[in-house]
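Novice: just need the structure, nothing else, for what follows:
(3 chains)
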Amino acid sequence: MIDLGHLDLRYTFECGQAFRWRRREDWWVGVIGEHVVRLREEEGGIEVASGISKAALRRYFRCEDDLARILNDISRDAYVAGLVKRFAGLRLLRQDPWECCASYILATNANLPRIKNMVETVCLTFGNELDDGLFSFPSPEQILDKAHFAQTCGLGYRCPHFLEFARHVHRGELDFDEIKRMSYAECHAHLKHFDGIGDKVADCVSVFCFDHLEAFPIDVRIGKALEQRYHFTGSYKKLSASSREHFGPYAGYAQEYIYFAEDRENSSAITRPGS
DNA sequence: AACCAGGTCTCGA
DNA sequence: TCGAGACCTGGT
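Specialist: The predicted structure follows:
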């Protein structure tokens, strides 16, 4: 049993920030680094079945974030204030930079189910089998050692960007520790130099693995929400500036609550037509 | 059966 | 700096 603070596993894993968590009966099963992790909510904490250290788990779940204070800070309008109440316990995760960047290069112009499939196929093709049917996310070297198999992963036109990114990391052309020391603006600009990383992906990885909680990724759905609910318009750059100004230093948290809410709204509209 | 998807790239104005 | 088109492919 471990106390990870206020945490709702379902909201946190279903909101689309990470692609590899699955519900298996009453456990959430995922892979962090080379560890299979099984988690279950119990009274008074989270039950953990894994060899991973508690410190690593606390780090992954950003336990140093004062969630109550952050949610209070982003509740700057009625819409987000309502979402924060509905989905309290949704936490941002601190993902591994290599895995996060590589995954989000795959996450362009595809829907969530397909993205999950692509990532899972990559793990199955190149990663280490850790447990029955559970694979680690492969290292750049594991991918490059049999790069020709990438064609069989259904990545489409993302494939060359994915492989090229693995090569850049393998050659040491990205220093993730150095990027972590950059400001948000520097981090975002630096990442955009790599093929397959544009404004949106740069923002995703800025907030999901480089600790820039003010980053506010804008995909088509968030763009619609910004227009309809806030009347924000214009280029990505303008929308980004407006959003960060409105939501403040924890804009990334606000973005994730909005994305999750819009996603649920969207899927329930399809599931229950009419009314 | 079309439409669309956690976009990016290239190119012209 | 901005907008328009093309783009792999699988979900829905």
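
Novice: hmm, who's touching the top helix by length along chain A?
Specialist: Identified as the longest helix of chain A according to DSSP state H is helix A:251-271. Applying C-beta atoms under 8 Å, 6 or more residues apart in numbering, the contact partners of helix A:251-271 are A:11, A:14-17, A:70-71, A:74, A:79-80, A:83-84, A:86-87, A:90, A:92, A:112, A:206-207, A:212-217, A:219, A:221-222, A:224-225, A:243-244, A:247. The way it works is simple: take the backbone N, C-alpha and C, and place the C-beta from them, glycine included.

Novice: wait, a helix at A:Arg40?
Specialist: No. Counting by DSSP: H, G, I helix; E, B strand; the rest coil, A:Arg40 is located in no helix; its state is strand.

Novice: ok, it - how many residues close by?
Specialist: Residues within reach of A:Arg40, counting by other C-beta atoms under 10 Å, total 14.

Novice: what parts of the stretch 51-200 of chain A come near DNA strand C?
Specialist: A:109-111, A:113-114, A:117, A:154-158 (C-beta under 7 Å from any atom of the strand).

Novice: tell me the one of those residues nearest A:Glu178?
Specialist: Set against A:Glu178, the nearest of these by C-beta to C-beta is A:Arg158 (25.5 Å).

Novice: how far away is that closest one from A:Asn117?
Specialist: For A:Arg158, the distance to A:Asn117 (C-beta to C-beta, to the nearest Å) stands at 13 Å.

Novice: between those two, which one's more packed in?
Specialist: Neighbour totals were compared for A:Arg158 and A:Asn117, and A:Arg158 leads with 21 against 16 (other C-beta under 10 Å).

Novice: pretty sure the more buried one sits against A:Thr108.
Specialist: Yes. The pair A:Arg158 and A:Thr108 qualifies as a contact (C-beta atoms under 8 Å) at a distance of 6.2 Å.
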